[in-house]
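K.L.:
what's the 3D shape of this:
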Amino acid sequence: MTPPPRTDAAPRPDQDALLLRRGQVAELVGLPERTLRRLVSSGAFPRPVALGKSVRWRRSDVTRWVDQLEADPGPLLVPIDTVTSAVALSRRTIDYLVDAGHFPEPVAAGRKKLWRWSEVAAWAETVTAVPSRPDPAHGCTPTAQETH
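P.N.:
Model (predicted):
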């Protein structure tokens, strides 16, 4: 009797898992764990299931979220850290630009500010140059806190 043929494409043990750990979810959707936490707390990503002291996500919830995002990228909301990384500007510069009306307005989510990813991406495509320190000559003025 001959043994069954071996296949190199054998599934990994966790590939078909119904529940996923935070790191697995972050890897699956291509986001840092920190961003994933912020998206969950803002309600922009499915909530995990509590299992004792740990949490897990249903693979079906994550897959559905990705499918919805691909079908309608719509208002994916991202935190300031994601925005600063994407546009290579500091928080302070972004605040200046928002105050001057030269950057998309954030959406309030409780005490946090989140931005619509589509608006940030559209802004980044249209910008040719941003001064390293905004000043009145560029339509940006410091707030009262920053002038002290």
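K.L.:
what's the burial count for Leu20?
P.N.:
20 (other CB atoms under 10 Å). The C-beta positions use only the backbone N, C-alpha and C, and glycine is treated the same way.
K.L.:
you'd agree it is up against Ala26?
P.N.:
No - under the criterion of CB atoms under 8 Å, Leu20 is not in contact with Ala26, lying 9.5 Å apart.
K.L.:
and the next helix or strand past the helix or strand bottoming out on mean pLDDT in the chain?
P.N.:
Every helix and strand of the chain was ranked by mean pLDDT, DSSP states H and E. The lowest is strand 107-109, at a mean of 68. Once the chain leaves strand 107-109, the next helix or strand it forms, by DSSP states H and E, is strand 112-116.
K.L.:
what mean pLDDT does that next one get?
P.N.:
Mean pLDDT, strand 112-116: 81.
K.L.:
care to break the protein down by domain?
P.N.:
Listed domain ranges for the chain are 19-71, 77-143 (source: automatic domain parsing).
K.L.:
ranking those by mean pLDDT, which is last?
P.N.:
domain 77-143 (a mean of 75).
K.L.:
what are the boundaries of the helices in the chain?
P.N.:
With DSSP state H applied, the chain shows helices at 22-29, 33-42, 59-71, 80-87, 91-99, 117-126, listed in chain order.
K.L.:
test my guess that Val107 contacts Val78.
P.N.:
No - between Val107 and Val78 there is no contact under CB under 8 Å: 10.1 Å.
K.L.:
I appreciate the help and will end here.
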